[in-house]
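*Asks:* Provided below for reference: sequence and predicted model.
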Amino acid sequence: MKKPILIIVIFLSISLYSIKAQKQWTLKECIDYALEHNIQIKQQYLNLELSKGNLLQSKMALLPNINGSANQVYNYGKTIDMFTNTFATEKVQSNNFYLSSGITLFNGFQLLNTIKQNQYDAMSSAYSLDKFENDISLNIATAYLQILYNQELLEISKNQLEITTQQVERTKKLVDAGTLAKGSLLTMQSQAAGEELQLVSAQNQLDLSYLTLIQLIDLDSPKDFTIEKPIIEMAPDVSFLTEPIQIYEKSLTILPEIKSAELKVKSAYTGLSLARGRISPSLSLRGSIGTGYSGASTRYNGFTTNGQDIIGYTSESIPVPVVKPHIDYNIEKIPFNDQINDNINKSIGIYLTIPIFNNFQVKNTISASKINLKNAEYNLDLTKNNLNKSIYQAYADAKAALKKYYATLKAVEAMEESFKYTQQKFDVGMVNSIDYNDAKNKLVKAKSDLLQAKYEYVFRIKILDFYQGKPLTF
């Protein structure tokens, strides 16, 4: 007998250790994990990096540009050589090397306004990322509270089924003894079957709420995932709640969606200045240096005499030939290095461009920029209005939920006493099974309403705390 008992003790010890060692996730841990692993957040980070890249590029546009080019060309047939300005009829090799640079001196402050606009856009993207992280955090808090609610609801279902199962056994004994009619047993068994179905449904709801949270935080391995059950204290009354106008005024200074909308207004205003800058003349400074080589370029390199050439005859009766020395000129192709040095050309100039008519493109761009500015201002007002409505709604819901909680708590306490009395009467046969089950169902309904009011209050309080910059923790 000792050996089986020892095995059972060891098994229970191992099981208890496993349960104790199993990690339980707090709300903060869930949020932190999601912010690190959520794919959508990673995509938002990439958008932020793109905005920073655009900002850097606009700053670099203030620097002069430098471009170089080189080519090697073979010309066949009759062509004009660009370096000798003569016709060439044979294959000619030519090379060109070119380096140019330019800088914008003035263009209606378009470069500076582009930098300013990209700065606003980059900052707005950063706040948009914060807003996205806040939304994820609120969704996780909602899913976390839903699990806590479903856990307590499941516990209520288990307790009620346990009580009903005990009553089924007791009623069966009374029916077997002939004290009660069989109909009472059938009614209790029907009640137990219904509560078993409710228990299965409650377990399914708990499993689904766990699945929702796991998907929100992008957990790689959801096996044995459980959350920590915090201690939730209910406030005695609504007097401790901060007034919604105070919450709203504070939220305007800290919430990223407000800051992002304000920056978008500044960006749109700068965009309008940028569009107007296209009306102004632009002034730029440009310079270049280049050189080249041509296979057709030749030069004189001395001569040699070789005999005589007859160039005519005298007018005498007996013509005498007129001769001159035969000269062979030495012509050579100019070497590559010599041509590169000799053909260097340089240029520098200031260029003024005055826009006169461009098919109303600038005018239309200015009109579109004004519309974008007005739309950004409306969007800021809409964001503030929605925030104000959300705060007042959360405040009203929190007050209503807390009042409902305490009202329902009194109802539950009264129904528990009433159910105890009904159970005692049922045990002695003074109440039938139908009345007993009706009293029990009312008690379960009241407990469910109490849980709903409790977690509705907690959720609304968390939202109000969040609007005041407080972390989402218990």
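*Replies:* Thanks, I have the structure now.

*Asks:* and Tyr457, how close does it get to Asp465?
*Replies:* According to CB to CB, to the nearest Å, Tyr457 and Asp465 sit 12 Å apart. C-beta: built from backbone N, CA, C; applies to glycine.

*Asks:* got the CA coordinates for stretch 101-110 in CSV?
*Replies:* Coordinates of the C-alpha atoms in stretch 101-110 are reproduced here as CSV (Å, rounded to 0.1, in the frame of the first residue of the first chain):
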residue,chain,number,x,y,z
SER,A,101,28.8,70.7,-61.0
GLY,A,102,26.0,73.0,-60.1
ILE,A,103,24.3,74.6,-57.1
THR,A,104,21.0,76.4,-56.6
LEU,A,105,21.6,79.8,-55.2
PHE,A,106,17.9,80.8,-54.9
ASN,A,107,14.6,79.3,-56.0
GLY,A,108,12.0,80.9,-53.9
PHE,A,109,13.1,79.1,-50.7
GLN,A,110,11.8,75.8,-52.1
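
*Asks:* and that stretch, what's its mean pLDDT?
*Replies:* In this model, stretch 101-110 carries a mean pLDDT of 92.

*Asks:* hmm, back to that, neighbour count for Tyr457 and Asp465, which is higher?
*Replies:* When Tyr457 and Asp465 are compared on other CB atoms under 10 Å, the one with more neighbours turns out to be Tyr457, at 23 against 15.

*Asks:* and the more buried one, what does it touch?
*Replies:* Tyr457 makes contact with 234, 398, 401-402, 405 under the criterion CB atoms under 8 Å, 6 or more residues apart in numbering.

*Asks:* not counting sequence-adjacent ones, nearest residue to it?
*Replies:* With CB to CB, 6 or more residues apart in numbering as the measure, Ala401 is the residue that lies nearest to Tyr457, at 3.7 Å, once sequence neighbours are left out.

*Asks:* report the next helix or strand after the helix or strand containing the one you found in sequence order.
*Replies:* Ala401 is part of helix 361-427, with elements assigned from DSSP states H and E. For helix 361-427, the following helix or strand on the C-terminal side (DSSP H and E) is helix 433-467.

*Asks:* mind listing what's buried in that next one?
*Replies:* Taking 16 or more other CB atoms under 10 Å as the neighbour-count basis, helix 433-467 is seen to contain the buried residues 433, 436-437, 439-440, 443-444, 446-464, 466-467.

*Asks:* returning to what we had before: confidence-wise, which of the contacts of Tyr457 comes last?
*Replies:* Ranked by pLDDT, the contacts of Tyr457 bottom out at Met234, which has 81.

*Asks:* backbone phi and psi for that one, please?
*Replies:* Per-residue torsions, Met234: phi -90, psi 140 (degrees, to the nearest 10).

*Asks:* which residues touch it?
*Replies:* Contacts here follow CB under 8 Å, 6+ apart; on that basis Met234 touches 402, 405, 454, 457.

*Asks:* do that again at 7 Å, thanks
*Replies:* For Met234, the contact set (CB atoms under 7 Å, 6 or more residues apart in numbering) comprises 405, 454.

*Asks:* go on, Leu129?
*Replies:* If you count contacts by CB under 7 Å, 6+ apart, Leu129 has them with 44-45, 48.

*Asks:* at 8 Å instead, please
*Replies:* When contacts are counted by CB under 8 Å, 6+ apart, Leu129 touches 41, 44-45, 47-48, 256.

*Asks:* so which strand or helix has it?
*Replies:* With elements delineated by DSSP H and E, Leu129 resides in helix 110-176, which encompasses its position.

*Asks:* do Ser288 as well
*Replies:* Using DSSP H and E, Ser288 sits within strand 282-294.

*Asks:* quick check: what element follows that strand along the chain?
*Replies:* strand 298-313.

*Asks:* quickly run through the sheet partners of that following strand, with directions.
*Replies:* If you go by DSSP bridges, strand 298-313 pairs up with strand 321-333 (antiparallel).

*Asks:* quick one, which of the contacts of Tyr457 are buried?
*Replies:* Neighbour counting with 16+ other CB under 10 Å marks 398, 401-402, 405 as buried within the contacts of Tyr457.

*Asks:* make CSV from those residues and add distance to Thr383 to it.
*Replies:* What follows is the buried ones among the contacts of Tyr457, written out as CSV (distance: CB to CB, whole Å):
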residue, distance to Thr383
Ala398, 22
Ala401, 26
Leu402, 29
Tyr405, 32
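
*Asks:* how about the helices in the stretch 1-150 of the chain?
*Replies:* 2-21, 27-37, 39-60, 110-176 (DSSP state H, counting those that start in this stretch).

*Asks:* rank the ones you listed by pLDDT, which is bottom?
*Replies:* In terms of mean pLDDT, the lowest-scoring of those is helix 2-21 (a mean of 41).

*Asks:* how near is Tyr33 to Leu48?
*Replies:* Counting by CB to CB, the gap from Tyr33 to Leu48 is 21 Å.

*Asks:* so how far is Asn385 from Lys266?
*Replies:* From Lys266 over to Asn385 the distance is 20 Å, taken as CB to CB.

*Asks:* which one's more surrounded, those two?
*Replies:* Legend: neighbour count by other CB under 10 Å for Lys266 and Asn385, higher for Lys266 (18 against 10).

*Asks:* that one sits in which helix or strand?
*Replies:* When secondary structure is defined using DSSP H and E, the element that contains Lys266 is helix 256-276.

*Asks:* hmm, who's touching that helix?
*Replies:* By CB under 8 Å, 6+ apart, the list of residues contacting helix 256-276 from outside reads 108-110, 113-114, 116-117, 120-121, 123-124, 127-131, 134, 251-252, 362, 365-366, 368-370, 372-373, 375-377, 379-380, 383-384, 387.

*Asks:* give the buried residues for that helix.
*Replies:* Residues of helix 256-276 classed as buried under the neighbour-count rule (16+ other CB under 10 Å) are 256-276.

*Asks:* go on, stretch 405-423?
*Replies:* Going by neighbour count (16+ other CB under 10 Å), the buried part of stretch 405-423 is 405, 408-409, 411-412, 415, 419, 422.
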